[in-house]
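[1] make a model of this:
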Amino acid sequence: YYIGEQDLYLPKDKDGKYKVYSQPAEGMAEMLEVGKGLIPTHVVFNGAVGALTGDNALKAKVGEKVLFIHSQANRDSRPHLIGGHGDLVWQGGKFSDPPMTNQETWFVPGGGTGVALYEFKQPGLYVYLSHNLLEAVLLGAAAHMNVEGKWNDDLMIQLKKPNENSTPAMDH
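    You can find the predicted model right below:
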């Protein structure tokens with residue numbers, strides 16, 4: 001899966017609502033002015049808040065190995081898979097380099113790419129996010145992985161059935 005992380009600097013009108021432009025060039029001067037503060041109004045995956053959640057959630061099956069390719073053009077990022085980790089991580093995004101193993105969180109420098117491979121071992125809803133948790137929760141840098149398959153009691157005993165995958169705690 002490709003995860004493109006973008007930081008957006010969107011101007012607001014006098015009523016505090018985000019402005020809408022007929023084309024990007026029309027709002028460029030105002031967006032650059034907002035960007036001077038280096039505080040994004042949104043940090044999103046694949047272009048929009050919720051682009052990879054809800055009905056748009058990524059999908060996998062227990063036992064499937066998923067490759068996450070994560071890039072960020074401007075700012076450093078720290079991807080993290082809640083409920084999983086990077087079995088193999090190519091922090092610089094180059095497969096010719098030896099991978100790091102068993103990384104909870106990995107680093108993607110601004111202008112760079114990081115790659116992680118993970119084999120899903122249990123079904124459920126996993127959250128892939130920027131480990132700057134404020135950006136993930138407040139600005140939208142989060143994705144969901146719906147993983148289907150049979151629960152493996154050899155890994156973990158399930159005492160209580162989890163909520164349905166379609167009812168995540170985060171709405172984006």
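[2] I'd like the mean pLDDT over the helix ranked longest in the chain, please.
    Assignment by DSSP state H gives helix 28-35 as the longest helix of the chain. Here helix 28-35 scores 95 as its mean pLDDT.
[3] what helix or strand is Leu134 on?
    Assessed by DSSP states H and E, Leu134 sits inside helix 133-134.
[4] now that helix, how far from the centre of its chain.
    12 Å (Cα atoms, centre = their mean, to the nearest Å).
[5] also stretch 131-145?
    7 Å.
[6] distance between the ends of it?
    Across stretch 131-145, the terminal residues are separated by 16 Å (Cα to Cα, to the nearest Å).
[7] which residues touch it?
    Contact partners of stretch 131-145, identified using Cβ atoms under 8 Å, 6 or more residues apart in numbering, comprise 3, 5, 40-46, 48-54, 57-60, 66, 77-81, 105, 120, 125-130, 168, 170, 172. For the C-beta atoms, the positions are set from N, CA and C on the backbone; glycine is no exception.
[8] okay, and the helix or strand of the protein with the least pLDDT?
    helix 133-134 (a mean of 88; mean pLDDT, DSSP states H and E).
[9] after it, which helix or strand is next? Please name it.
    strand 142-148.
[10] show me how far that next one is from its chain's centre.
    10 Å.
[11] now that strand: buried residues?
    Neighbour counts over strand 142-148 (16 or more other Cβ atoms under 10 Å) mark Ala142, Ala143, His144, Met145, Asn146, Val147 as buried.
[12] contacting residues around Pro40?
    Asp7, Leu8, Tyr9, Arg75, Glu135, Leu139.
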